[in-house]
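Chemist: Sequence and computational prediction follow.
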Amino acid sequence: MSQITKNILMIKPNSFGYNDETSNDNYFQKNVSHISSSEIKSIAIQEFENMVSILENNGINVVVMENDKNKRLTDDVFPNNWISFHEDKYVIHSMFAKSRRSEKNQSFIKDLASMNFSYELLNDYSEFENESIFLEGTGSVVLDRINKVAYCSISKRSNNKLFKLFCDDIGYNAISFTSFDLRGNLIYHTNVMMSIGDEFSLVCLESIKDVNERNKVKKSLEKSGKKIVIISLEQVDSFAGNIIQLGDNKNKIIVLSEEAYESLNNHQKNILSAESKLVVIPIPTIQTCGGGSVRCMIAELI
């Protein structure tokens, strides 16, 4: 059994830009003032298209879709926050930022069906937005699909009640905790400090301040039998946690941004590259303005 897939969904960022609302708790975001918004959008599209090309050249089937430009969706390049796929089912997620809720696009499911990707709705958690209860997909939750264990760092965007409901729906064991970044801020998405592949678990244990919670996460990862790659808080700041393994048993790759790759030491790279090719993607503008990296840009078509 494998954790990974070579089929992914990506959304072209036709309206990409800096989002003031999401910057309130996304400390990765930075407002780039020395270039115009139109230039930022143009550069983001170039970075996106280059990423698609690199992935396709490495054997990944990339399904690219686009939203209506009139919606002006600044963050739709990060589809993993509103939708997740689970074998023949999909889940629509509850999203924190009102400005991002229009990213949800059911027409994509019909488009996928025309490409022989058939999914049925498992649950739509959108109603929880009215109660200010959120769980932003595989941003909020990191899945060990082989062992059916889900990890969630609780925050404003990642509610424990909804996390447990999600785990019940997909049949996973739930492990929740809280984690903090280098500045002591609550980490808003689990996938900036943790990633799980077929053979490895990458995690920033020092971000989990509570000793009992840290030990709980560590023991669960050890039980999985995967090689554990420990990253630092400084490496979290460089998006080293926001990586993803893709491919199949014959061709496995680990996708990470250029900044993330440069932050890793040789020991970490050696563990990750033992059974997978490291595929490095330069996306500085998307990372800086959007506050997300390569993993956030990919919704796996499992």
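Modeler: Perfect, I can see it now. Residues are numbered from 1 along each chain as shown.

Chemist: Now do the buried residues in the biggest strand by length in the chain.
Modeler: The strand spanning the most residues in the chain, taking DSSP state E as the definition, is strand 251-257. Of the residues in strand 251-257, 252, 253, 254, 255, 256, 257 count as buried by neighbour count, 16 or more other Cβ atoms under 10 Å. Placement of C-beta: from N, CA and C, glycine included.

Chemist: Stretch 271-290 too?
Modeler: Buried residues in stretch 271-290, counted by 16+ other Cβ under 10 Å: 271, 272, 276, 279, 281, 283, 285, 286, 287, 288, 289, 290.

Chemist: hmm, back to that, so how far is the longest strand of the chain off the chain centroid?
Modeler: Centroid separation between strand 251-257 and its chain, computed with Cα atoms, centre = their mean, to the nearest Å, is 14 Å.

Chemist: just checking, what packs against the very next helix or strand once past it?
Modeler: Of the helices and strands lying after strand 251-257 in sequence (DSSP states H and E), the nearest is helix 258-263. In this structure, helix 258-263 makes packing contacts with helix 233-237, strand 277-281, helix 284-290, judged by 3 or more Cβ pairs under 8 Å, 6 or more residues apart in numbering; DSSP states H and E.

Chemist: what residues does the first one touch?
Modeler: When contacts are taken as Cβ atoms under 8 Å, 6 or more residues apart in numbering, the neighbours of helix 233-237 outside the stretch itself are 28, 181-182, 187, 192-193, 204, 206-207, 241, 260, 263-264.

Chemist: let's see 10 Å
Modeler: Helix 233-237 is contacted by residues 27-28, 179-183, 187, 192-194, 202-204, 206-207, 240-242, 259-260, 263-265, 268 when judged by Cβ atoms under 10 Å, 6 or more residues apart in numbering.

Chemist: Then the second one?
Modeler: Under the contact criterion Cβ under 10 Å, 6+ apart, strand 277-281 has outside partners 47-48, 50-52, 54-55, 57-60, 243, 246-247, 251-262, 264, 269, 272, 287, 293-294, 297.

Chemist: Parallel or antiparallel, which strands does it pair with?
Modeler: strand 251-257 (parallel) (DSSP bridges).
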